[in-house]
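Novice: Provided below for reference: sequence and predicted model.
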Amino acid sequence: MIDTAKAVADLAWLVEIGADEAINDQPTDWTQVASRRAPTAREAGPARSPASAPPAAAPGRSATPPEKKSPALATAPALGGADAPPGSPLGMTEARASARGAAMAATTLEDLHKALLAFDGCPLKQTASSTVFADGNPKARVMLIGEAPGEQEDRQGKPFVGPAGALLDKMLAAIGLDRHAEEPDKAVYISNILPWRPPGNRNPTDSEIAACLPFIQRHVEIADPDILVFLGGISAKTLLAKTEGITRLRGRWFDYGSPGLTRPLPALALLHPAYLLRNPGAKRETWRDLLSLREKLRGLPPRP
Ligand code: URA
């Protein structure tokens, strides 16, 4: 006999902790599986891998403390290793090779978008509603890179359109930038490390990041901005190949290099807007970082 009230309460609890996506048709009692033996990564499925359990309760995964150990290049061997992204039809090596081949073949943003839509090496695609490619003005001198789409972004198919996006727009407006501006000096172009929403907004795993990394690297090369801004620790650590946390990386200028760029790009890391929503006290240092971005932008030579 099903206790309906309890079932509804259990479902509400799952939604509250962020487990709002069904991964398989049939439920699996992982406590039983775990007691017999540890599941392989593939058996464990995307929402059950160690890095993904439990799902984050917050609407923005980056609202977790910025020093929380995140994956990315800090654990480089996992990125190049043979482990398959859980749930991926491809092994890790194959997934990366396939991503690299598809991304490198693209010479325009349109090509790259199509290549991403055709790419099946990241299991996050299976649970996401949209492939979130980019928003803003692709001719902008500043390109911002966040972590991964959240619920609103997944619904609307554009990056930073939820609460964190609303704060981001205000932060940009405070230094005279607007994602929809036509003038490249006043506009920004926005994308994410991952184009697919991790279920329940959990943190992406190393292997998911590794599988998608060639696309964002190529994205930067093709967009060819003059300044890069990393929003949050996962973006900064992944693209700068750093192990330090975001509180150490933020506010500093780095050189970002990539084989397809004609010169290294000045790159700045900021605290993630979702983190700022939860920690308004950190807005003061972000304001300083935004002023530094404005200075750098003002100091750029005019584009030929
Ligand atoms: N957080 C991100 O990092 N990216 C988005 O697109 C939305 C929220």
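Specialist: Thanks, I have the structure now.
Novice: mind checking how far whichever residue of the stretch 51-200 of the chain sits closest to the ligand is from Gly233?
Specialist: Proximity to the ligand, evaluated over the stretch 51-200 of the chain using Cβ to the nearest ligand atom, is greatest for Gly146 at 2.9 Å. Placement of C-beta: from N, CA and C, glycine included. Distance check for Gly146 against Gly233: by Cβ to Cβ, to the nearest Å, it reads 11 Å.
Novice: who has more neighbours, those two?
Specialist: Gly233 (32 against 29; other Cβ atoms under 10 Å).
Novice: returning to what we had before: any idea what the residue of the stretch 51-200 of the chain closest to the ligand is bridged to?
Specialist: Beta-bridge partners for Gly146, by DSSP bridges, are Asn192.
Novice: who's in contact with it?
Specialist: With contact set as Cβ atoms under 8 Å, 6 or more residues apart in numbering, Gly146 has these partners: 62, 159-160, 190-193, 231-232, 235, 272.
Novice: give me that answer again for 6 Å
Specialist: By Cβ atoms under 6 Å, 6 or more residues apart in numbering, the contact list for Gly146 reads 192, 231, 235.
Novice: right, and the helix or strand after the helix or strand harbouring the last one?
Specialist: Same thing as Ser235. Counting by DSSP states H and E, the element that carries Ser235 is helix 233-240. Per DSSP H and E, the first helix or strand lying C-terminal to helix 233-240 is helix 246-249.
Novice: which strands and helices sit next to that following helix?
Specialist: With contacts taken as 3 or more Cβ pairs under 6 Å, 6 or more residues apart in numbering; DSSP states H and E, helix 246-249 sits against helix 233-240.
Novice: one more time with 10 Å, if that's ok
Specialist: strand 227-231, helix 233-240, strand 265-270 (3 or more Cβ pairs under 10 Å, 6 or more residues apart in numbering; DSSP states H and E).
Novice: Can you say which of those is packed in most?
Specialist: Highest mean neighbour count of these: helix 233-240, a mean of 27 (counted as mean count of other Cβ atoms under 10 Å).
Novice: how far out from the middle of the chain is that helix?
Specialist: Taking Cα atoms, centre = their mean, to the nearest Å, one finds the center of helix 233-240 at 9 Å from the center of the full chain.
Novice: Kindly report the same for stretch 187-205.
Specialist: 3 Å.
Novice: does any bit of it sit next to the ligand?
Specialist: Yes - for stretch 187-205 and the ligand, the contact criterion (Cβ under 6 Å from any ligand atom) is met by Asn192.
Novice: can you tell me the distance between the two ends of that stretch?
Specialist: End-to-end distance for stretch 187-205, by Cα to Cα, to the nearest Å: 31 Å.
Novice: hey, where'd the helices end up in the chain?
Specialist: 4-16, 30-36, 41-44, 76-80, 92-105, 109-118, 124-127, 151-156, 163-174, 206-223, 233-240, 246-249, 273-278, 283-298 (DSSP state H).
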